[in-house]
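**Student:** Pasting the sequence and the predicted model now:
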Amino acid sequence: MSNQESWRVGVLFSTSGVTSIIEQSQLNGTLLAIDEINAAGGVRGRPIEPICYNPDSVVARYGELAEKLIVEDRITALFGCYMSSSRKEVLPVVERRNVLFFYPTLYEGFEYSPNMIYGGATPNQNSVPLANYLMNTFGKRIFFVGSDYIYPRESNRVMRNVLRQGGGEVVGERFYPFDTDMAGFADVAREIVELQPDAIFSTVVGQMCIDFYRAYHAAGGDGRTCPIASLTTNEAEIAAIGPEAAVGHITAAPYFRAINSPANRKFLKAYGQKFGSVRDVTSCGEAAYCQMHMFATALEEVGEMDTERLREALLGATFDAPQGHIKIDPDNNHTYLQSRIARVNEQGEFIIENKVRRAIKPDPYLVYPGIHDWSLRTQKVAQQTV
Ligand code: ACM
């Protein structure tokens, strides 16, 4: 029975299917934020009530369930989606019905909708620093492997351009369907080991990412000499891959569990208390947590579920996130985010190696690519700190 006095919001993350590991962490981040908001008295004295559906990682289901949430459950604010293909299903639905849609996932950029608040990194916040780091640390010959859908194909296009600017070269590119298992990656793993590129850029997502890293290890690939670098592979997936096959590999993201700051310690403590462990905390889960808190602050200010007024309150809003200070950019509805590069150690833990000095303005259309500017903006992290 729903509480008549609650603020109802729609939540669409998959707890089954190929991207359930990461989407479960996004759901957890969302629910933790709602618990915190409600425990502090709710919004104007009323609790936030999530209406959650599981799209089962089936792309078309996201659009159908968004429609159901809006038409039957009468929500006007929606939180959800990991894969860009699922976001593209939901986008026309929320635009047609003028619903506010919070998307807490890194993506390929080149999109803007007045109905969207984008909480994950754009290529200038992750691809550009990663390309710079790979070429400076390992070399300029990079092999691309991806899942076969819009994010990997578009993300590779951007990455190729960024690498070229720095004198880099793409020495191979392969895409794989979502049902590819470890055996299905055996050929490309062997090919990479024989070709000996300087690094691999992986846009393989979800369960199949675990199989790809394991297949590379089984073929003799070693992350300590030729790492797989990714924008998506996270703590939960590294735990599933296991330290032996994961060691040496690299991820660029705004947030890692290893951040040593009061805000992150507080976040991890609350997460562990609610879910029993912090094993599956991820960057996208942290983004989901931040977006719900920022929404609640805007709702407190506005006092009604009005898309135009909420958007106005959200644009320019700031939050002291577990990753550091962030801000929604009024120019484009994306978020100023921190940027870090971390490498897996022998114990299977990410160790942060590089970070930017302050949050980076999102540039979803890559108007200012500037790989040559990048090194001026980063600093080496001496110890495992913010
Ligand atoms: C993604 O599909 N945006 C990871």
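**Tutor:** Sure, I can see it. Numbers count the residues shown, from 1 in each chain.
**Student:** And whichever residue of the stretch 151-300 of the chain sits closest to the ligand, which helix or strand is it part of?
**Tutor:** Closest approach between the stretch 151-300 of the chain and the ligand, counting by Cβ to the nearest ligand atom: residue 151, at 3.3 Å. Quick note: C-beta positions are derived from backbone N, CA and C, even for glycine. For residue 151, the host element (DSSP states H and E) is helix 150-165.
**Student:** Could you do residue 215 as well?
**Tutor:** Using DSSP H and E, residue 215 maps to helix 207-218.
**Student:** Output that helix as PDB - backbone C-alpha positions only.
**Tutor:** These are the backbone C-alpha positions of helix 207-218, laid out as PDB (Å, rounded to 0.1, in the frame of the first residue of the first chain):
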ATOM      1  CA  GLN A 207      29.000 -10.300 -17.100                       C
ATOM      2  CA  MET A 208      30.900 -10.700 -20.400                       C
ATOM      3  CA  CYS A 209      33.700  -8.400 -19.100                       C
ATOM      4  CA  ILE A 210      34.500 -11.100 -16.400                       C
ATOM      5  CA  ASP A 211      34.800 -13.700 -19.200                       C
ATOM      6  CA  PHE A 212      37.000 -11.400 -21.300                       C
ATOM      7  CA  TYR A 213      39.500 -10.700 -18.600                       C
ATOM      8  CA  ARG A 214      39.600 -14.400 -17.700                       C
ATOM      9  CA  ALA A 215      40.100 -15.400 -21.300                       C
ATOM     10  CA  TYR A 216      43.000 -12.900 -21.700                       C
ATOM     11  CA  HIS A 217      44.700 -14.300 -18.500                       C
ATOM     12  CA  ALA A 218      44.100 -17.900 -19.800                       C
END
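**Student:** mind listing what's buried in it?
**Tutor:** By neighbour count with 16 or more other Cβ atoms under 10 Å, helix 207-218 contains the buried residues 207, 208, 209, 210, 211, 212, 213, 214, 215, 216, 217.
**Student:** which stretches of this protein have low pLDDT?
**Tutor:** The chain contains residues with pLDDT under 70 at 1-4, 369-379, 382-386.
**Student:** so who does residue 360 touch?
**Tutor:** By Cβ atoms under 8 Å, 6 or more residues apart in numbering, the residues touching residue 360 are 124, 125, 336, 337, 338, 339, 377.
**Student:** so what's the first one up against?
**Tutor:** Contact partners of residue 124, counting by Cβ under 8 Å, 6+ apart, are 109, 360, 362, 363, 366, 368, 369.
**Student:** what sits up against stretch 308-322?
**Tutor:** Stretch 308-322 is contacted from outside by 77, 100, 114, 117, 255, 259, 261, 263-264, 266-268, 286, 289-290, 293-295, 297-299, 301-302, 325-330, 333, using Cβ under 8 Å, 6+ apart.
**Student:** Check which helices and strands the helix holding residue 215 sits against.
**Tutor:** Judged by 3 or more Cβ pairs under 8 Å, 6 or more residues apart in numbering; DSSP states H and E, helix 207-218 is in contact with helix 186-195, strand 199-203, strand 228-230, helix 235-241, helix 243-246.
**Student:** ok, 6 Å please
**Tutor:** With contacts defined as 3 or more Cβ pairs under 6 Å, 6 or more residues apart in numbering; DSSP states H and E, helix 207-218 has these neighbours: helix 186-195, helix 235-241, helix 243-246.
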